[in-house]
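Undergrad: Okay, predicted coordinates and the sequence, questions at the end:
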Amino acid sequence: MFTILSVSKMFALVLGVLVVSKSYLDYRKKEESLQVFLLWAVLWIIIVAFAFSPALIIELSTKIGDKKITVGQIGIMGFVFILFITYRIYIKANRLEKKINKLVKNLALKDLKKKKNN
C-alpha cells in the first residue's frame, strides 16, 4: 500500500518529468528561451529532490521553526500542483502572445501592401 510519502514522490516525479520535458521541447522549437527552460528545470529538480529526500524538508522546517512535517508534506504536494498549473498557464499565455504578435504583424503587412497598391 502506498504511503503519503511515496504518493508525493511519484506525484512530484511525474509532474516534474512532464514539465521539464515539455519545457525542453518548447525550447527546441524556439517557443521558450534558454533562461526560461533552465528556470523550470532547476525549479522542478529542487521540488523532486524535496519529495525524494524528506530529510531536506525536515532540516529546512527545523531551521524555520515548523515541526509539523506531515502537514508540511501535504502542503508541498499542493504547492507542487499549483506550480504545475502555473507552468501550464504560463506556456499557454506565452504561445497565445506569440500567435497574436504574428497575426498583428501579418495584418499590418497586408494593410501596408494594400496602401502601397492604392
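TA: On my side now, so go ahead.

Undergrad: What strand or helix carries the spatially most central residue of the chain?
TA: Geometric centre of the chain, nearest residue: Y87, 3.3 Å, by Cα atoms, centre = their mean. Per DSSP states H and E: Y87 is located in helix 69-117.

Undergrad: Same check on L13?
TA: Per DSSP H and E, L13 falls inside helix 4-28.

Undergrad: and the angle from that helix to helix 69-117?
TA: Here helix 4-28 points in a direction 20 degrees away from that of helix 69-117 (axes from the mean of the first three to the mean of the last three Cα atoms, to 10 degrees).

Undergrad: packing partners for helix 4-28?
TA: helix 34-52, helix 69-117 (3 or more Cβ pairs under 8 Å, 6 or more residues apart in numbering; DSSP states H and E). (C-beta placed from N, C-alpha, C; glycine too.)

Undergrad: Quick one: mean pLDDT for that helix?
TA: Here helix 4-28 scores 86 as its mean pLDDT.

Undergrad: chain center to that helix, what's the gap?
TA: 9 Å (Cα atoms, centre = their mean, to the nearest Å).

Undergrad: check contacts around the residue nearest to the centre of the chain.
TA: For Y87, the contact set (Cβ atoms under 8 Å, 6 or more residues apart in numbering) comprises V19, S23, W40.
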